[in-house]
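> just coords:
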């Protein structure tokens, strides 16, 4: 192993260097800090198809990502197909003097192909390092709520990869009464259970079986070695199309498998597995989508509006020049798009945040304030109560000719903005330059599969953050199906949804997108608790049988 440089990365020689990186069992959040650092500096990213999306999100723009191809589909087991040219691609890229990241599923120390590639690097004198990942056999049980340690403090845990287990291996683990973690596939896990029984384990030995572990598609079943096949049959678990869906089974008399109902922290999240439609742009939806993921949901962002420059830019140009020359006492931002419009105009004129010197800045909403801070401007006024134009007016000071040398406010807004803020500021004694900074137009329709999912009940919930998102979504994609939970940010938005024939199930206690997500999570938790109390299987709204289109209740 060659010495590392000061940034904790392998030293780059004339032949480049290679980082063998474990991407974990599926959850992108399980990537280590060291893995993210290595990905950010990679010139070439060579990743297994199963983890490519997980690691590519942390790679720099323009990174070379040659595709690995499956060469032997028939011999692929446990979800790990045999890949062609991985070693050749790694070596060729390293020989060319580039920094290579080779990403594998789980942990590279448990990947035979990665081991062979490390030996090849060592043989040619190519510097390499290993960044461990969360091993699938350890991470998946943790997400399934199945501790591997003995409840009495013992640590007899055996790991078996069904791909290479022979009779002797099964006999050894069968003779032990400790915990056994079996890596198999959905098609072979029942046979593995049979091997353990044949090797001496009792048929009534508890076990859990987890598919798609650590992802929002995860599902876990409690069974015994003797009942596993019947449990999977009753659950209508179908074989995967390629026959290689990975499974982690945990077997053991003394494990906490029987207590999984109390320990299942991941699958019991309030919105676990829910597909939630977020009718906002990716930039607007970032924090909202992150919060939904924390509740176990899978957010799907669909822009319903597009932002375009004003038809006549002269008004905006005059206002920005007036801002620099001292025409205004205040500038008020009511949206992230308004901040973006002013920032773009600044950049066009070669200006930066220093142009706000001596000007008071107001912002409505957490995201608007955050976008200003990102620009280098700390708002002087953010509503202490309701995050709206009305809330801003409640805190806005009246014009005082003694303390305010200038009586004018610059208000860059959308072309369809209401007059509430303008009228309120004038009433407080201020002169207002109400400037169209951008236009909002209806976005193009989403892809056909998204439209079909919206109308056909493929989404579990939709979050409406304004009346315009209701009108525009229905206009470009149609009405959400009757099984879809409708959540609205406030009374005005709820009224618009009802006018479009939708029944509102959830409403935020205050006009905040984060409070809206929180309210949806509380709805999901109550729904889950009711199903558990009734002894019913917990299902998502989209799993209900499709019926008539949702109608407003009276």
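That came through fine. Source: prediction; values computed, not measured. Residues are numbered from 1 along each chain as shown.
> can we go C-alpha only for contacts and neighbour counts from here?
Will do.
> elements contacting the biggest helix by length in the chain?
Taking DSSP state H as the criterion, the chain has its longest helix at helix 513-533. Helix 513-533 sits against helix 282-294, strand 485-488, strand 506-507, with contacts defined as 3 or more C-alpha pairs under 8 Å, 6 or more residues apart in numbering; DSSP states H and E.
> Next SSE downstream of the longest one?
Looking back up the chat, that one is helix 282-294. strand 298-301 (DSSP states H and E).
> what mean pLDDT would you report for that following strand?
Mean per-residue pLDDT for strand 298-301: 94.
> and it, how far out from the chain's middle?
Remark: strand 298-301 is offset 8 Å from the chain centroid, using C-alpha atoms, centre = their mean, to the nearest Å.
> Equivalent analysis for stretch 88-107, please.
27 Å.
> Please spell out which residues along it are buried.
89-91, 93-95, 97-107 (16 or more other C-alpha atoms under 10 Å).
> For the stretch 301-450 of the chain, just list every one of the strands.
Secondary structure of the stretch 301-450 of the chain (DSSP state E, counting those that start in this stretch): strands at 305-308, 330-333, 360-363, 408-414, 431-442.
> Show me the one of the ones you listed that comes nearest residue 314.
strand 431-442 (10.1 Å; C-alpha to C-alpha).
> show me where pLDDT drops low in the chain?
Within the chain, the segments meeting pLDDT under 70 span 1-14, 69-84, 150-155, 239-244, 254-258, 281-285, 545-554.
> residue nearest the centroid of it?
What sits nearest the mean C-alpha location of the chain, by C-alpha atoms, centre = their mean, is residue 293, with 5.3 Å.
> OK, contacts around residue 162?
78, 182-184, 192 (C-alpha atoms under 8 Å, 6 or more residues apart in numbering).
> which non-adjacent residue is nearest residue 24?
Nearest residue to residue 24 in three dimensions, chain neighbours excluded: residue 106, at 3.9 Å (C-alpha to C-alpha, 6 or more residues apart in numbering).
> So which bits of stretch 401-415 are buried?
Using 16+ other C-alpha under 10 Å as the test for burial, stretch 401-415 gives 406-414.
> returning to what we had before: can you give me phi and psi for the residue nearest to residue 24?
phi 70, psi -120 (degrees, to the nearest 10).
> can you check residue 461 too?
Torsion angles, degrees, to the nearest 10, at residue 461: phi -160, psi 160.
> if you skip the residues just before and after it, what's nearest to it?
residue 485 (4.3 Å).
> I'd like to know how far the residue nearest to residue 206 when sequence neighbours are not counted sits from residue 108.
Excluding the flanking residues, the one nearest residue 206 by C-alpha to C-alpha, 6+ apart is residue 224, at 4.4 Å. Residue 224 sits 31 Å away from residue 108, going by C-alpha to C-alpha, to the nearest Å.
> Who has more neighbours out of those two?
It is residue 108, of residue 224 and residue 108, that has more neighbours when counted by other C-alpha atoms under 10 Å, with 25 against 22.
> dump the residue contacts of that one.
Residue 108 sits in contact with 20-22, 114-115, 130-133, where contact means C-alpha under 8 Å, 6+ apart.
> and with 10 Å instead?
20-24, 102, 114-115, 118, 130-135 (C-alpha atoms under 10 Å, 6 or more residues apart in numbering).
> Mind checking what secondary structure residue 182 has?
Assigned by DSSP: H, G, I helix; E, B strand; the rest coil, the conformation of residue 182 is strand.
> Let me see the backbone angles for the residue of the chain most remote from its centre.
Within the chain, the residue lying farthest from the chain centre (C-alpha atoms, centre = their mean) is residue 402, at 51.6 Å. Torsion angles at residue 402 (phi, psi; degrees, to the nearest 10) stand at phi -80, psi -40.
> Then residue 542?
Dihedral angles for residue 542 - degrees, to the nearest 10 - are phi -70, psi -10.
> how many neighbours does the residue lying closest to it once chain neighbours are set aside have?
Counting by C-alpha to C-alpha, 6+ apart, residue 542 lies nearest to residue 460, which is 5.0 Å off, once chain neighbours are set aside. Neighbour count of residue 460, defined by other C-alpha under 10 Å: 26.
> For residue 506, see how far away residue 460 is.
Taking C-alpha to C-alpha as the measure, residue 460 falls 13 Å from residue 506.
> what is in contact with the two at once?
By C-alpha under 10 Å, 6+ apart, the residues touching both residue 460 and residue 506 are 485-486.
> ok so, going back, quick check: the two most widely separated of the buried residues of stretch 401-415?
Using C-alpha to C-alpha, the buried residues of stretch 401-415 span at most 24.6 Å, a distance reached by 406 and 414.
> Of the contacts of residue 108 - the most surrounded one?
Among those, residue 23 has the most neighbours (other C-alpha under 10 Å), with 34 neighbours.
> Quick check, that one in contact with residue 35.
Yes. Taking contacts as C-alpha atoms under 10 Å, residue 23 lies within contact range of residue 35: 7.9 Å.
> so what's in contact with those two at the same time?
55, 103, 131-133.
> ok, which stretches of the stretch 1-150 of the chain are strands?
17-22, 44-47, 69-77, 80-84, 99-104, 128-131.
> Let me have the strands of the stretch 301-450 of the chain in a markdown table, adding distance to residue 28 as columns.
Listed next are the strands of the stretch 301-450 of the chain as a markdown table, based on distance: least, C-alpha to C-alpha, whole Å:
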| stretch | distance to residue 28 |
| --- | --- |
| strand 305-308 | 29 |
| strand 330-333 | 35 |
| strand 360-363 | 33 |
| strand 408-414 | 37 |
| strand 431-442 | 33 |
